[in-house]
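Novice: Task: produce atomic coordinates for the following.
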Amino acid sequence: MGTIRRQVLLNALKIYDLGLMLLSFAVATIVVSHVNSNFTLEEFLSMRVKISNFVIFAGLLLTWHLVFSVFGIYDSHRLSGRWEETTDILKASSVGTLAILLGAALFHIRMITVVFALVFWTSSTLSTMLSRLILRKVLKQVRLHGRNLRDMLIVGTSARAVQFARKIEGTAELGYRIIGFVDDEWEGATEFRESGYKRVSDFAGLPSFLRQNVVDEVAMALPMRSLHAHASEVAALCEQQGIVLRFPSNLFNLKLAKSRADEFEGHSVITHYTGGMVEGTSIMVKRVFDFTVSLILIVLLSPVFLLAALLIKLTSRGPVFFVQNRLGLNKRRFKIYKLRTMVPDAEKKMKEVEHLNEVSGPVFKIKNDPRITGVGKFLRKTSIDELPQLLNVLTGDMSLVGPRPLPVRDYEGFSEDWQRRRFSVRPGITCIWQVGGRSSISFEKWMELDLQYIDKWSLWLDFQILLRTIPAVLKGSGAA
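Specialist: Got it, this is the predicted structure:
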């Protein structure tokens, strides 16, 4: 697609999205007028058009557009999956709706209530998702009929290059046409010679080929370690002629790590990361949620704190809190706070009860630990002893949901490096294994479930775990 034509269609899409925003605004207004008797649709329609109101609404439209742009809604999604685009839309519409709510509070817009925001968010999100789905279907048909295609040249003739070409051609809706391969003759190109693909140039003739032919993109499929010099020359040629260059980010054949392009002090870098928790909006929302909820719970549960502290002081000597060094994000040490449920010198008596340990591996757990006090049994059964960890969540050492923080002693007993990946996220008060098997699972299963949480993490998963934690606590299953 030509640059001018693409720009025209892109601007049309931006205007269309603003139209959907206006339509969602109208739908929310109609719903609120039926729900809220204090504000009717007639009142809204009879409102005088003031310059100030016009400026405020124009500001909301501009904010909506900027949010959509920041979240990459108008970037090319030719190579991205449908789910990836849907996730971006979900994030953009959520942040945009929050921005509108904030603007309503700032400028005292009575019409925009929580109900209005929910209806607006639902309408705008679903309509935008539906429009992108239809657009994908239309573009797929256009490309299958030989239009809106991009000519791709592949550099390299290895088995990996051939597999890449077959994958591109097997996904016709992407709209790519393989025009040939670039490489010098070499002995190991047996699979390429049998593939039926054409070598259109060697490295020496590549500059001339790029000058004389239509090439939209170049895909790098060279082994970077042995042919780095050739790869660098190809990259420089593409840069000079303004040709898009693509190359596989997984140069190290990593099995779990995902990758993304970043900017670091003016330099382009490829970042590899494992799991679903990567710096961005979702992590920021998780932290804001942790801080807000922990602060609210500390205030609401303060009477429970005081009563439990009083019971501990009245029934046994020693401090109210149990403080211990634990390992947090990337093995940072922090002090965890719990209400004391054992005798004051419990740590010193650990060797006396080690033979009673009921869990395999380096962790130490005893269901009926003789060091637990009478009040301590109640506090553990009701999980009240865990409540001071809300202070750890508030300070950022922990999260509401995450792998349980382990003592230094337990960590020193780890024998497998794959188990240490659990420390790549903040530890939490509750996690998958606690609301499922709780303390009855083996150490190996515990580690597997922690990594499962990390790999599949999402805000929705955190919400599900928190909801399942409530009945688990009410049943008195206890925490670890």
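
Novice: following the helix-or-strand element of the chain with minimal mean pLDDT, which helix or strand comes up?
Specialist: Taking mean pLDDT, DSSP states H and E as the measure, the chain has helix 41-45 as its least confident helix or strand, at a mean of 52. Where DSSP states H and E defines the elements, the next helix or strand beyond helix 41-45 is helix 51-70.

Novice: Against which helices or strands is that next one packed?
Specialist: If contacts are counted by 3 or more Cβ pairs under 8 Å, 6 or more residues apart in numbering; DSSP states H and E, helix 51-70 sits against helix 3-35, helix 82-107. The C-beta positions use only the backbone N, C-alpha and C, and glycine is treated the same way.

Novice: Please name every helix or strand in contact with the longest one.
Specialist: Spelled out, it's helix 3-35. helix 41-45, helix 51-70, helix 114-144.

Novice: which stretch in these has the least confidence?
Specialist: Note on those: helix 41-45 shows the lowest mean pLDDT, a mean of 52.

Novice: still on that earlier bit, right, so of the helices and strands packed on helix 3-35, which gets closest to T341?
Specialist: helix 114-144 (40.7 Å; Cβ to Cβ).

Novice: Show me the strands in the stretch 351-480 of the chain, by range?
Specialist: All strands of the stretch 351-480 of the chain, identified by DSSP state E, counting those that start in this stretch, fall at 399-401, 406-407, 428-430.

Novice: Now do the last one, average pLDDT.
Specialist: Spelled out, it's strand 428-430. Per-residue pLDDT over strand 428-430 has a mean of 92.

Novice: List the strands paired with that strand, with their directions.
Specialist: Take DSSP bridges as the rule and strand 428-430 pairs in its sheet with strand 399-401 (parallel).

Novice: and S24, what does it touch?
Specialist: Contact partners of S24, counting by Cβ atoms under 8 Å, 6 or more residues apart in numbering, are V119, F120, S123, S124, S127.

Novice: Kindly recompute the last result at 7 Å.
Specialist: F120, S123, S124, S127 (Cβ atoms under 7 Å, 6 or more residues apart in numbering).

Novice: how far away is the third one from T97?
Specialist: Spelled out, that is S124. Per Cβ to Cβ, to the nearest Å, S124 is found 7 Å from T97.

Novice: nearest residue to T86 other than its sequence neighbours?
Specialist: M129 (5.8 Å; Cβ to Cβ, 6 or more residues apart in numbering).

Novice: Stretch 55-74: which residues count as buried?
Specialist: Residues of stretch 55-74 classed as buried: I56, L60, T63, W64, H65, V67, F68, F71, I73 (neighbour count, 16 or more other Cβ atoms under 10 Å).

Novice: Hmm, the second one is touching L101, no?
Specialist: When you say that, I think you mean L60. No - L60 sits out of contact with L101 when judged by Cβ atoms under 7 Å, with a separation of 10.6 Å.

Novice: Contacts only, for the nearest residue to R340 once chain neighbours are set aside.
Specialist: With sequence-adjacent residues excluded and distances taken as Cβ to Cβ, 6+ apart, R340 is closest to F322, at 4.3 Å. Applying Cβ under 7 Å, 6+ apart, we find F322 in contact with K338, L339, R340.

Novice: ok, how many other residues are close to the last one?
Specialist: Residues lying near R340 (other Cβ atoms under 10 Å) number 24.

Novice: returning to what we had before: can I get the buried residues of stretch 55-74 in TSV including distance to S259?
Specialist: Conversion of the buried residues of stretch 55-74 to TSV gives the following (distance: Cβ to Cβ, whole Å):
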residue	distance to S259
I56	42
L60	36
T63	31
W64	31
H65	29
V67	26
F68	25
F71	19
I73	22
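
Novice: now, among the residues you listed, which is nearest to E448?
Specialist: Closest to E448, out of all of these and judged by Cβ to Cβ, is F71, at 33.6 Å.

Novice: Could you measure from that closest one over to T128?
Specialist: F71 is 11 Å from T128, by Cβ to Cβ.

Novice: thinking again about what came up before, I figured the residue nearest to T86 hits A92, correct?
Specialist: No - using Cβ under 7 Å, M129 makes no contact with A92, being 10.9 Å away.

Novice: In terms of neighbours, single out the busier of the two.
Specialist: A92 (23 against 16).

Novice: Not including adjacent chain positions, what is the nearest residue to that one?
Specialist: Nearest one to A92, counting by Cβ to Cβ, 6+ apart, is F71 at 3.9 Å.

Novice: Tell me which residues touch that neighbour, please.
Specialist: D88, K91, A92.

Novice: Out of those, which is nearest to L400?
Specialist: Relative to L400, the closest of the contacts of F71 is K91; by Cβ to Cβ it sits at 20.6 Å.

Novice: so what's the closest one up against?
Specialist: Neighbouring residues of K91 by Cβ under 7 Å, 6+ apart: F71, T281.
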